[in-house]
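In: Only the shape, not the letters, is given here:
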Ligand SMILES: [Zn+2]
């Protein structure tokens with residue numbers, strides 16, 4: 001699933017190409033990926049001019065003239081691709097946006113169709129789940145992070161995955177951040193010391209920044225809007241490295257389940 005660095009990479013790629021473009025027409029080939037009726041979706045966006053593209057956690061926000069907000073969540077396998085109009089449309093392409101001016105189309109492709117696109121107006125924005133998101137993992141400062149952790153009697157890994165607590169992180173970056181901070185995923189959040197919280201905050205931000213520079217991590221379907229894969233998978237130290245020796249202590253990296261999610265830890269660096 002694309003996490004903060006992958007979504008940020010997508011947003012930057014789209015921003016470069018889409019600002020100022022008009023959505024001339026919209027074709028919906030599968031309504032499953034829409035959070036509303038295809039007719040409402042198409043009518044709202046046809047003729048809209050794209051003004052800004054942003055990110056909040058893992059949501060992509062495309063603001064258009066007339067106070068319209070196209071909100072996209074890619075979930076497992078969603079992709080935005082910018083391709084020349086004559087490119088063959090495959091069966092996993094579900095929404096096609098014709099753009100003017102220029103030779104390109106914006107296409108939404110999603111093999112598993114868990115992603116969601118939705119157009120919000122000023123009126124229905126207040127009730128959207130966007131409003132329940134916690135602070136963005138790249139925005140929160142170390143002190144607030146520590147104070148928020150102290151309020152929570154929960155294991156740290158599921159807490160960091162909870163988008164209402166902190167938004168943007170998913171399984172890959174949580175496992176990497178906890179490993180580098182030498183914190184076991186089942187550690188109670190309110191038992192972390194100020195130093196541990198500061199360490200976790202620092203590693204989390206550093207990892208996210210490095211991954212954005214590498215254009216994200218591609219372990220399965222993630223692609224940038226230009227179709228290019230990310231490069232951060234080469235820097236992962238625990239995620240998907242179970243069975244390999246830890247680069248710090250040599251212990252064998254384990255894969256277990258925490259809160260229902262596959263979890264990678266080093267038993268030497270992160271004692272339970
Ligand atoms: Zn280790």
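Out: It's in. Note that the structure is predicted; figures quoted are calculated from it, not measured.
In: I'd like to know how far the residue nearest in space to the middle of the chain sits from the ion.
Out: Residue closest to the average C-alpha location in the chain (CA atoms, centre = their mean): residue 3, at 2.8 Å. According to CB to the ion, to the nearest Å, residue 3 and the ion sit 23 Å apart. Where you see a C-beta, it was placed from the backbone N, CA and C, and this is true even at glycine.
In: who are the neighbours in contact with the nearest residue to that residue once chain neighbours are set aside?
Out: Excluding the flanking residues, the one nearest residue 3 by CB to CB, 6 or more residues apart in numbering is residue 170, at 3.8 Å. By CB atoms under 8 Å, 6 or more residues apart in numbering, residue 170 lies in contact with 1, 2, 3, 4, 58, 161.
In: ok, now with 10 Å
Out: Residues in contact with residue 170 (CB atoms under 10 Å, 6 or more residues apart in numbering) are 1-4, 6-7, 57-58, 160-161, 163, 217, 261.
In: before we move on, the earlier item: does the residue nearest to the centre of the chain touch residue 168 like I think?
Out: Yes: using CB atoms under 10 Å, residue 3 is in contact with residue 168, at 6.6 Å.
In: Mind pulling up the pLDDT for the residue nearest to residue 3?
Out: On the pLDDT scale, residue 170 is placed at 95.
In: Distance of it relative to residue 151?
Out: Computed as CB to CB, to the nearest Å, the residue 170 to residue 151 distance reads 22 Å.
In: Check for me that residue 53 belongs to a helix.
Out: No: with DSSP: H, G, I helix; E, B strand; the rest coil as the criterion, residue 53 is located in strand rather than a helix.
In: so what's in contact with residue 3 and residue 168 at the same time?
Out: The contact sets of residue 3 and residue 168 overlap at 57, 58, 137, 208 (CB under 10 Å, 6+ apart).
In: burial of the second one, as a residue count?
Out: Residues within reach of residue 58, counting by other CB atoms under 10 Å, total 23.
In: Got the phi and psi for the closest residue to it other than its chain neighbours?
Out: Leaving aside its sequence neighbours, residue 58 sits nearest to residue 7 (CB to CB, 6+ apart; 5.2 Å). The phi/psi pair for residue 7 (degrees, to the nearest 10) reads phi -70, psi -40.
In: Please tell me the pLDDT value assigned to residue 7.
Out: 96.
In: ok, now residue 227?
Out: The model reports residue 227 with a pLDDT of 84.
In: Distance check, it against the ion.
Out: Distance, residue 227 to the ion, by CB to the ion: 36 Å.
In: repeat for residue 246
Out: 3 Å.
In: ok, that residue touching residue 180?
Out: No: if you go by CB under 10 Å, residue 246 and residue 180 don't touch, sitting 11.3 Å apart.
In: for this structure, longest helix please?
Out: Once the chain is assigned using DSSP state H, the helix that runs over the most residues is helix 194-213.
In: Can you give me the buried ones in that one?
Out: By 16 or more other CB atoms under 10 Å, the buried positions in helix 194-213 come out as 196-201, 203-205, 207-208, 211-212.
In: As JSON lines, those with distance to the ion and pLDDT would be great.
Out: Converted to JSON lines, the buried residues of helix 194-213 look like this (distance: CB to the ion, whole Å; pLDDT from 0 to 100):
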{"residue": "196", "distance to the ion": "17", "pLDDT": "98"}
{"residue": "197", "distance to the ion": "21", "pLDDT": "98"}
{"residue": "198", "distance to the ion": "21", "pLDDT": "98"}
{"residue": "199", "distance to the ion": "15", "pLDDT": "98"}
{"residue": "200", "distance to the ion": "17", "pLDDT": "98"}
{"residue": "201", "distance to the ion": "21", "pLDDT": "98"}
{"residue": "203", "distance to the ion": "14", "pLDDT": "98"}
{"residue": "204", "distance to the ion": "18", "pLDDT": "98"}
{"residue": "205", "distance to the ion": "22", "pLDDT": "97"}
{"residue": "207", "distance to the ion": "17", "pLDDT": "97"}
{"residue": "208", "distance to the ion": "22", "pLDDT": "97"}
{"residue": "211", "distance to the ion": "21", "pLDDT": "97"}
{"residue": "212", "distance to the ion": "26", "pLDDT": "96"}
